[in-house]
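> return a 3D structure for these sequence lines:
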Amino acid sequence: RLGPGGGRLMAADAKAQVLVHIHGLHKDFANTQAHSDWLQHFQQATQAWGIVHELLSEANDEVVHYFAAHTLVTKLQAGHLPSSGSISQELLRYLANFWRGPAAVRRQLVVALIDSALWQAPEQDGHWLAECIKQLSERVEAISCLLEFLAAIPEEAANRKVVVAAQRRTVFATNMLQHSGHVFEALCKASVTNEQCNVGALHAFARWLHLQHADPALRAMKKATAKATTGTRFSADVVAKGGLHEHPLVQQAAQTIGAIAKAPLELCRACGDVLSEAQGLTNEATPQARAVLLLVVQAVVEGSRQLLPMTRANLEMWMDQDGELAARAAVLGRLVGELGAIFCRLTVADHAQAAAATANGQPPPSNGAASEAALNALSEAALHFCALRHTDLAKCG
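Alright, predicted model coming up:
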C-alpha cells in the first residue's frame, strides 16, 4: 500500500519499505507522485537517520545511495540533527565510500558535510575545516572529493536553504576566510594531480576569491564607496597585502588565457573565472592592485592577439553560435567586458601620475609606457568585439 501509513513506520520493515518506494519512484510511473510523497514524509522522520546509515553503508543502486545522501542534506538544512555522535566524522566515513563516485552521491554528501558545520559552535569552524582538508588530502583518490568540498563551501555559506541565523552564516564565512591561506595551499597541491584536478582546483580557487567579498572589512569599504561622493576605494586583503598576482593559480590562469586559442576549453573557462574574480577584488590603482589588474589586462591582450585573427571572417559573416570558436571568444569577451571600468581607472591614474611628475619637474613613472601599451591593445580588442557578427559577443566590446 502506498502512502506513509498514518505517519508511522514499523522498525522491522522500514528499510524494505524505503527501498520499495525509491525503486517505485523510478519505475512505477503510474504512482510516481505517491512514491514521492511517501519518501518526503519519511525524510522528516527521526528514524530516518538509522535507515540512511544502513543504506549508505551497504552496496546498493546509485538511486538508493543518492536518496540516502539527499535525505541527509534535507535534514541538515532544516536543522534536524542526530541526537548523538559526531555527524561530521560520520559524513567523512560515508564519503570515503564514494571518493570515486558516483559524482551525484558524492556531491550530496559534500553538501551535507558543510551544512552540518553551519550548526556547530563557531569556535569549532577552524578545526573542522583543517580536519576535513587533512582527511581528504591523505589519499590521491580523494583529491576530487577535496576539490568539490572546497568549491562548495562558499556556495553553502550563502545558501539560504540552510535555516541557520543570518549572523551564524556571516560568522561561518568570516571564519572560513581566516583560513584562506591554508585552502589556497591545498588547492595548489591538488592542481598538479592531473588535468581534471587542475580544472577543479581553479574552479574552487575562483569560488574562494569570490568568498573574499564576505569579509566584513571589505563589505564596510564597499558600503562606504556606495554612499560616498568622492569615490572611496576598496581592495580585499589578498590584494592589499600584495602577492595575489604571483599566486601559482593566478599565474596559470593568466598564461592559459594568453594561450586561449590552443588551451583546452574547460581549462580556459576555469581560468577565465579566476581572472574575473581576481580583478573584481579591487577598484584601486595602488601598486598592489595595479599588479593584479595589469596581469589580467595583459593576459586578455595576449589572448586577443591569438584568437581574434581567427574571427576576422566574422566581421562580415555571422559566427556559428554553438561552435568552439564562439565558446573560446565568449571566455575572452566576458573578460574584455569586465575590464571596461579598469581601463578607465588605470588610464585616469596613469595620466594623474604623469601630470604630478611633470609638475614636480620629474620624469613620468617608468610603468606608464607599459601600462599605456596594454590599455591601447585592450581598446583595440574591445573594438573588434563590437564589430563581430555575433550579438552576444558584440556586447562584450
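> from residue 214, how far off is the nearest residue to residue 124 once chain neighbours are set aside?
Nearest non-adjacent residue to residue 124, counting by C-beta to C-beta, 6 or more residues apart in numbering: residue 117, 7.9 Å away. Any C-beta I mention is one placed from the backbone N, CA and C, and that applies to glycine too. For residue 117, the distance to residue 214 equals 15 Å [C-beta to C-beta, to the nearest Å].
> okay, those two: which has more neighbours?
Using other C-beta atoms under 10 Å, the more surrounded residue of residue 117 and residue 214 is residue 117, with 23 against 18.
> got a list of what that one touches?
Residues in contact with residue 117 (C-beta atoms under 8 Å, 6 or more residues apart in numbering) are 88, 124-125, 128-129, 172.
> which single one of the residues you listed is nearest to residue 112?
Nearest to residue 112 among the contacts of residue 117: residue 88, at 9.6 Å, using C-beta to C-beta.
> what's the burial count for the closest one?
18.
> which residues of the protein score low on pLDDT?
1-12, 85, 225-231, 357, 364-370 (pLDDT under 70).
> helices of the stretch 101-250 of the chain, start to end?
Ranges of helices within the stretch 101-250 of the chain are 103-117, 125-137, 143-157, 166-177, 180-191, 195-211, 216-227, 237-240, 248-258, based on DSSP state H, counting those that start in this stretch.
> out of those, nearest to residue 317?
With C-beta to C-beta as the yardstick, what comes closest out of the helices of the stretch 101-250 of the chain is helix 248-258 (25.8 Å).
> got the angle between the closest one and helix 180-191?
Relative orientation of helix 248-258 and helix 180-191, computed by axes from the mean of the first three to the mean of the last three C-alpha atoms, to 10 degrees: 50 degrees.
> next, give phi and psi for residue 396.
Per-residue torsions, residue 396: phi -60, psi -30 (degrees, to the nearest 10).
> now the closest residue to it other than its chain neighbours: how far from residue 267?
Residue nearest to residue 396 in three dimensions, not counting chain neighbours: residue 333, with 3.3 Å by C-beta to C-beta, 6+ apart. Applying C-beta to C-beta, the value for residue 333 to residue 267 is 17 Å.
> spit out the contact partners of residue 152.
107, 110-111, 114 are the contacts of residue 152 under C-beta under 8 Å, 6+ apart.
> before we move on, what about residue 254?
271, 275, 295-296, 298-299.
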